[in-house]
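Student: sequence and predicted structure are below.
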Amino acid sequence: MMFPNIFCESAMNDQTWYQFQPNWFPQMFELDCEPLKEAYNAAVRDISVLEKMPFNDLSGKALKRACMDVLAITTSFPKLQEVLDHPDHCDYEVRTVINGYLNGYTTMNPREFLLGDFATASRQTGRIFVMYSCNVNKSNMAKNRGRIRHSNLCTEIVQPVRVLHETAVCSISTVNMLCGLYWKDPSTAGLPNYDKTPEIHVMRDHTLDDPRVGFSYEELRKVTRVAISDLNRVIDISAAPTEASHWGTVLNRSAGLGFNGFYDLFARMGYQVDSQTAIDFARSCVIWMLFAAIDESVMESRSRWQAIRRKCQKDGSVTVRMYKNPDRIRGYENLSDEEYEKAVSAEEREAHKKSPKDNRYGTYEITYNDPADIPKTVGAYPGWSWNGGCARSRGEFHFMRTYNPLSMDDIESFAGKSARTSFETLQNKMMTFGTRNDLFLAPPPTLSTSAVLGTRPSFEVMATNMLRQQSLAGTTPRINPFLAKALESQWNPETAAWVLQQNGSVVGKGPIEMSEKHRMLLRCAYELDQSRRIEMAAAMQPFIDQAISLNRYREEPTAPEIVNDVILAYLRDLKTMYYLKTRAAVNAAGINSGNISDTRFVFDNGVASADLSTANIPMEDGDQCVGCG
């Protein structure tokens, strides 16, 4: 499924008004529902919303303050009307883009749009994803390379590219969060051969709230470093299918490292997924992942500089291939916009913009005869110092560039004094040697990978404790292994039938004996407060330099609930939101426990595997991008 071209260039009109993507930017992708077929002539691929605001308030801060003043976001839906009817809001200019071509403009009141077409499409399709343009571009780490115009289908990739000559390319991978688990005392684990492979056994066990295990941030950092190193090898040897994707790869060298298994990790550690403890723990994990990823990238840049120096010392000279800056005339690559305008005439700048692509993109060579002349950032990605330099070249981290910027004091309060010391040391190294990659973290919804690992994707929760999971790898029967372990001595056809009748929930009272804490740990996604899931994503977002694929789960969502999620995510500085999952979509296969007695359950080391071919189990649709796996 190809993502359409989106033309949302910002433009300034007579120095008074600024036209830009709005504070909530819905992208409607292949809407296939009857009401919208009539409204948009059955061919709409994307709706880009533009809003006019005073030129002296490009950031939208005034609108954000107005929202904060009048909206009690988690307590009162009626307050939503005050926001949407606020006098500071003007009508949206909505333009429809059909197959990549502008189809025309219409004017729409924000209240009518959000509570009307947007909410209707969300309820009927669930396939509406949102990008908050101002949040994305406020923290854009490569602002020297341009403005970020849109996200990918899974919403985690946000990169600035040249629309005509570059395609955004990101090499992604995921870290299994269970890698940090360890036995506090392996001798008490009760597993065979624990002295040989305890790290494998601790990941395979599915005991809820297990006091025998701990979590090692050092191991998490170690695995993250390996992943970034491997992604750089992939970038080095990968052949791009098109010229545009080649330039998108070599000029930015973007990495998109994600994670999976947070749900499994919370269950093992005994943290309720919507608790503040879980939110704080997830934030600490992402902080250390960001540190390890950037530090490894800095070390790779430094190693490349050292290798070039050694070759120069050995041979007397060394020739280094460099990439042209497509935005600048040769010799002015690293000047800021203001410096470039002073140094180069307007006629020359305009002529360069209109020059053939081959004159702007390509390589050239520089020969160094003295090792002392080789800049220490020679190993960084090509766009590191272009156009005045990226944010990291000035010592800035992503969490310092949001609407609510964080400081090193916040890092210390979140992850301890060692984290602050580590980031301060990294800051100096980063400014000295540069980074081999421009971006690092982008948690994708890797459902197929998680199915292979036996974990949940990203920080997703089980939609139901018994389901059939559909992904690119096929359809797989799944029983929550933590439920199977907890009910190992009680599992029988009657118990399974009761769980199915409860839509996979074990919160209610029934024929099973389970502590209240364990019942809360095994809650399904639809039993959670979705605002808490948004809060967890928001806690991690400052330390994720791209975006997060965040799904919401609501049984029968109302229009105010849908829009409430949209505004809450915006106010919490999230960059994107993914699909809205409804109970109807999950229960597409129906629930019928009449033939559950024919189902066979086999326990292997506490994990249930089953032949569920004769039972009608709820289906979970992957809803994922084919590139994420």
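Tutor: That came in fine, so what should we check first? Residues are numbered from 1 along each chain as shown.
Student: wait, residue 561 touches residue 554, no?
Tutor: Yes - using Cβ atoms under 8 Å, residue 561 is in contact with residue 554, at 6.2 Å. C-beta: built from backbone N, CA, C; applies to glycine.
Student: just for the stretch 251-400 of the chain, where's the confidence low?
Tutor: Counting by pLDDT under 70, the stretch 251-400 of the chain contains no low-confidence residues.
Student: mind listing the strands for it?
Tutor: 255-260, 318-323, 363-368 (DSSP state E, counting those that start in this stretch).
Student: then the first one to CSV, C-alphas only?
Tutor: Going back to what we said before, that points to strand 255-260. Taking C-alpha atoms only, strand 255-260 is exported to CSV below (Å, rounded to 0.1, in the frame of the first residue of the first chain):
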residue,chain,number,x,y,z
ALA,A,255,18.2,4.8,12.3
GLY,A,256,14.9,3.9,13.8
LEU,A,257,15.4,1.8,16.8
GLY,A,258,12.3,0.6,18.6
PHE,A,259,11.4,-1.7,21.4
ASN,A,260,8.9,-4.5,22.1
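Student: list of residues touching that strand?
Tutor: For strand 255-260, contacts defined as Cβ atoms under 8 Å, 6 or more residues apart in numbering pick out 156-157, 170-177, 224, 227-228, 231-232, 235, 285-286, 289, 293, 297, 437, 439-444, 446, 449-450, 453, 455-459, 546.
Student: let's see it at 7 Å
Tutor: 156-157, 170-177, 224, 227-228, 231, 293, 437, 439-444, 446, 449-450, 453, 455-458, 546 (Cβ atoms under 7 Å, 6 or more residues apart in numbering).
Student: show me the helices in the stretch 251-400 of the chain, by range?
Tutor: Applying DSSP state H, counting those that start in this stretch to the stretch 251-400 of the chain gives helices spanning 262-269, 276-315, 337-343, 346-353, 357-360.
Student: so what does the second one touch, helix or strand wise?
Tutor: By that I understand helix 276-315. helix 217-237, strand 318-323, helix 408-415, helix 417-433, helix 530-540 (3 or more Cβ pairs under 7 Å, 6 or more residues apart in numbering; DSSP states H and E).
Student: the shortest one pairs with which strands?
Tutor: Each strand pairing with strand 318-323, determined using DSSP bridges, is listed with its direction: strand 363-368 (antiparallel).
Student: buried set for the strand it pairs with?
Tutor: By neighbour count on 16 or more other Cβ atoms under 10 Å, the buried set for strand 363-368 is residue 368.
Student: equivalent analysis for stretch 278-290, please.
Tutor: Buried, per 16+ other Cβ under 10 Å, within stretch 278-290: 278, 279, 281, 282, 283, 284, 285, 286, 287, 288, 289, 290.
Student: any chance of CSV for the helices and strands packed on helix 276-315, columns distance to residue 306 and mean neighbour count?
Tutor: Output for these, formatted as CSV (distance: least, Cβ to Cβ, whole Å; neighbours: other Cβ atoms under 10 Å):
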stretch, distance to residue 306, mean neighbour count
helix 217-237, 16, 17
strand 318-323, 12, 14
helix 408-415, 29, 16
helix 417-433, 10, 16
helix 530-540, 34, 21
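Student: how about these, which one is nearest residue 135?
Tutor: When the helices and strands packed on helix 276-315 are compared by Cβ to Cβ, helix 530-540 sits nearest residue 135, at 10.5 Å.
Student: pLDDT of that closest one, averaged?
Tutor: The average pLDDT for helix 530-540 rounds to 93.
Student: between the buried residues of stretch 278-290, which is nearest residue 420?
Tutor: Nearest member of the buried residues of stretch 278-290 to residue 420, counting by Cβ to Cβ, is residue 287, at 10.3 Å.
Student: give the contact list for the nearest residue to that closest one once chain neighbours are set aside.
Tutor: Spatial nearest neighbour of residue 287, excluding adjacent residues (Cβ to Cβ, 6 or more residues apart in numbering): residue 415 at 4.6 Å. Neighbouring residues of residue 415 by Cβ under 7 Å, 6+ apart: 284, 287, 288.
Student: do that again at 10 Å, thanks
Tutor: 217, 280, 283, 284, 285, 286, 287, 288, 291, 422, 423, 543 (Cβ atoms under 10 Å, 6 or more residues apart in numbering).
Student: what's the answer for residue 458, then?
Tutor: Counted by Cβ under 10 Å, 6+ apart, residue 458 has contacts 156, 174, 177, 258-263, 443-447, 450, 537, 548-551, 578.
Student: among the contacts of strand 255-260, which are in helices?
Tutor: 224, 227, 228, 231, 293, 449, 450, 453 (DSSP state H).
Student: let's have those in CSV, adding distance to residue 480.
Tutor: Formatted as CSV, those follow (distance: Cβ to Cβ, whole Å):
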residue, distance to residue 480
224, 27
227, 27
228, 32
231, 31
293, 31
449, 18
450, 13
453, 15
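Student: I'd say residue 214 and residue 182 touch.
Tutor: Yes - Residue 214 lies in contact with residue 182 (Cβ atoms under 10 Å); the separation is 5.7 Å.
Student: more neighbours, the two?
Tutor: residue 182 (17 against 14; other Cβ atoms under 10 Å).
Student: so which other helices or strands are in contact with the strand or helix carrying that one?
Tutor: Secondary structure assignment for residue 182, by DSSP states H and E: strand 181-183. On a contact count with 3 or more Cβ pairs under 10 Å, 6 or more residues apart in numbering; DSSP states H and E, strand 181-183 meets helix 198-204, strand 213-215, helix 217-237, helix 262-269.
Student: dump the ones you listed into CSV; add distance to residue 329 as well.
Tutor: Listed next are these as CSV, based on distance: least, Cβ to Cβ, whole Å:
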stretch, distance to residue 329
helix 198-204, 55
strand 213-215, 52
helix 217-237, 28
helix 262-269, 48
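Student: what sits closest to residue 565 if chain neighbours are left out?
Tutor: Residue 565 sits nearest to residue 552 (Cβ to Cβ, 6+ apart), 5.6 Å away.
Student: for that neighbour, give me the backbone phi and psi.
Tutor: phi -120, psi 150 (degrees, to the nearest 10).
Student: hmm, residue 534 and it touching each other?
Tutor: Yes - with contact defined as Cβ under 10 Å, residue 552 counts as touching residue 534 (7.7 Å).
Student: list the buried residues in stretch 501-518.
Tutor: So for stretch 501-518, counting by 16+ other Cβ under 10 Å, buried means 502, 503, 504, 505, 506, 512, 514, 518.
Student: can you confirm the fourth one is in a helix?
Tutor: Which is residue 505. No - counting by DSSP: H, G, I helix; E, B strand; the rest coil, residue 505 falls outside a helix, being coil.
Student: gap between the nearest residue to residue 557 once chain neighbours are set aside and residue 537?
Tutor: In this structure, residue 557 finds its nearest non-sequential neighbour in residue 123, 5.8 Å apart by Cβ to Cβ, 6+ apart. According to Cβ to Cβ, to the nearest Å, residue 123 and residue 537 sit 22 Å apart.
Student: the contacts of residue 415 into JSON lines, with extra columns for distance to residue 355?
Tutor: Below are these laid out as JSON lines (distance: Cβ to Cβ, whole Å):
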{"residue": "217", "distance to residue 355": "50"}
{"residue": "280", "distance to residue 355": "53"}
{"residue": "283", "distance to residue 355": "47"}
{"residue": "284", "distance to residue 355": "49"}
{"residue": "285", "distance to residue 355": "47"}
{"residue": "286", "distance to residue 355": "43"}
{"residue": "287", "distance to residue 355": "44"}
{"residue": "288", "distance to residue 355": "46"}
{"residue": "291", "distance to residue 355": "42"}
{"residue": "422", "distance to residue 355": "45"}
{"residue": "423", "distance to residue 355": "42"}
{"residue": "543", "distance to residue 355": "40"}
